[in-house]
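Colleague: the sequence and its predicted three-dimensional model are supplied below.
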Amino acid sequence: MLGEQIIKGMAVTARNFFGSYVSKNRLTTVQYPEERLVPKANTRQFPMLVFDGDAEKGLRCVACTICEKECPPKCIYIVKSKDKKPDYKGQPQLYPAVFDIDVSVCMSCQICVEVCPFESIKMNTEFELATDDRFEGLLLHKNELAKSNEYYHKLHPDDAKESDAVLTAEKSRAEAKAKTAAEAKAKAAATAPAAK
């Protein structure tokens, strides 16, 4: 019969077309924004600043400006503070008085995350950043970028565990070093009067 293969092909197409409306497994369209796909574990969008405890006092960033220097599109702006505050190891450190990221320029390359020696800048999965303000809307300030360590654990649990392990190891090394220095100072103080 002439056109038999065309009719068979149209039948397969019709079966798949109508079947996609009946079977949820075959339906490829997601009704956004009512339905949302769960982002994959390695999803990366724009940078965020991680803090422990309080957002102002527990910010891990010490304004070393390495991320600002290494950023290819130069979208990170940091101004160092004039005074110092204690960091997670208890040592006085500078902190960023201003930390801004222009996400309209950011290309999500993650270089800032890789070069940060303090585990303070990480990638967020938030992508809905539309705004009606053309000039200030996509320039995110320190208070908008600051996210808690618990939030980071929800986004990237494996990376967060590794990051916390690095910080814990550094803190224990600093405590051991301080303890050794205190013992040496106490020992020197105890032997000093005996020498007189």
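Modeller: Ah, there it is. Note that this is a predicted model, so its numbers are computed, not measured.
Colleague: which residue packs closest to D102, ignoring adjacent ones?
Modeller: Nearest residue to D102, sequence neighbours excluded (Cβ to Cβ, 6 or more residues apart in numbering): C75, at 4.3 Å. (Glycine included, C-beta is placed from N, CA and C.)
Colleague: can you tell me how far the one you found sits from I7?
Modeller: As judged by Cβ to Cβ, to the nearest Å, C75 and I7 stand 58 Å apart.
Colleague: compare the two (neighbour count), which wins?
Modeller: C75 (21 against 9; other Cβ atoms under 10 Å).
Colleague: pick out the residue nearest the middle of the protein.
Modeller: K122 (2.1 Å; Cα atoms, centre = their mean).
Colleague: that one pairs with what?
Modeller: Judged by DSSP bridges, the bridge partners of K122 are M48.
Colleague: where does pLDDT dip in this structure?
Modeller: For the chain, the stretches flagged by pLDDT under 70 are 88-89, 193-196.
Colleague: which strands and helices sit next to the lengthiest helix in the chain?
Modeller: Using DSSP state H to assign secondary structure, the helix with the most residues in the chain is helix 157-195. Here helix 157-195 touches helix 149-155, going by 3 or more Cβ pairs under 8 Å, 6 or more residues apart in numbering; DSSP states H and E.
Colleague: recalculate using a threshold of 10 Å.
Modeller: In this structure, helix 157-195 packs against strand 47-51, strand 121-123, helix 149-155, with contacts taken as 3 or more Cβ pairs under 10 Å, 6 or more residues apart in numbering; DSSP states H and E.
Colleague: let's have these in CSV, adding distance to K85.
Modeller: Listed next are the helices and strands packed on helix 157-195 as CSV, based on distance: least, Cβ to Cβ, whole Å:
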stretch, distance to K85
strand 47-51, 13
strand 121-123, 18
helix 149-155, 18
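Colleague: nearest to R36, of these?
Modeller: Proximity to R36 (Cβ to Cβ) singles out helix 149-155 among the helices and strands packed on helix 157-195, at 14.8 Å.
Colleague: so which elements touch that closest one?
Modeller: When contacts are defined as 3+ Cβ pairs under 10 Å, 6+ apart, helix 149-155 sits against strand 47-51, strand 121-123, strand 146-148, helix 157-195.
Colleague: could you rerun that using 8 Å?
Modeller: Partner elements for helix 149-155 (3+ Cβ pairs under 8 Å, 6+ apart): strand 47-51, helix 157-195.
Colleague: kind regards, and thank you for your time.
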